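Asker: my questions are about this predicted structure, shown below with the sequence.
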Amino acid sequence: MTEEKAKINILGTEYTIFVNVSEKEKSFMRDNDGVTDFTTKEIFIAILDDGNPMNMQNMHVYEDRTIRHEIVHATLFESGLDHNTKWARDEEIVDWIAIQTPKLFNIFEKLEVMSWR
């Protein structure tokens with residue numbers, strides 16, 4: 001059952017994140033773990049932990065990564081890069097940013113270079 005996870009501000013635009021979205025509720029979720037709808041300013045995350053024993057052991061980690069991935073898409077869209085470049089819609093670079101961001105933030109925090117001077 002779909003639930004609202006959060007409302008977030010992405011470059012001045014409010015987006016709503018919904019989790020546990022089924023294909024029955026939103027047909028565009030078919031074969032997608034996440035979808036960002038730029039027209040409605042909504043991010044949809046599929047039901048990722050369906051109880052299948054073949055799933056990864058910690059689906060929460062995968063859900064977080066999927067949410068980050070969709071936030072990167074929304075950020076690139078709201079910045080205008082999505083419209084003017086090929087790379088900003090490339091799933092490979094969006095995934096790289098989503099996967100590496102926590103690692104980079106961890107390094108930055110350890111070095112205490114996260115201040116906004």
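Answerer: Perfect, thanks for sending it.

Asker: what sits up against stretch 54-64?
Answerer: Stretch 54-64 is contacted by residues 19, 33, 45, 48-49 when judged by Cβ atoms under 8 Å, 6 or more residues apart in numbering. C-beta: built from backbone N, CA, C; applies to glycine.

Asker: could you give the mean pLDDT of it?
Answerer: In this model, stretch 54-64 carries a mean pLDDT of 84.

Asker: check stretch 15-29 too.
Answerer: Across stretch 15-29, pLDDT averages out at 96.

Asker: filter the contacts of stretch 54-64 to the buried ones?
Answerer: Buried by 16 or more other Cβ atoms under 10 Å: 19, 33, 45, 48, out of the contacts of stretch 54-64.

Asker: out of those, list just those in strands.
Answerer: 19, 45 (DSSP state E).

Asker: can I assume Lys7 sits in a helix?
Answerer: No: counting by DSSP: H, G, I helix; E, B strand; the rest coil, Lys7 is not part of a helix but strand.

Asker: buried ones in the helix or strand harbouring Phe105?
Answerer: Counting by DSSP states H and E, the element that carries Phe105 is helix 91-110. Neighbour counts using 16+ other Cβ under 10 Å place 94, 97-98 of helix 91-110 among the buried residues.

Asker: okay, now the unreliable bits of the chain?
Answerer: Within the chain, the ranges that satisfy pLDDT under 70 run 116-117.

Asker: do a quick rundown of the helices in it.
Answerer: 59-79, 81-84, 91-110 (DSSP state H).

Asker: would you turn these into a markdown table with distance to Phe28?
Answerer: What follows is these, written out as a markdown table (distance: least, Cβ to Cβ, whole Å):
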| stretch | distance to Phe28 |
| --- | --- |
| helix 59-79 | 13 |
| helix 81-84 | 18 |
| helix 91-110 | 16 |
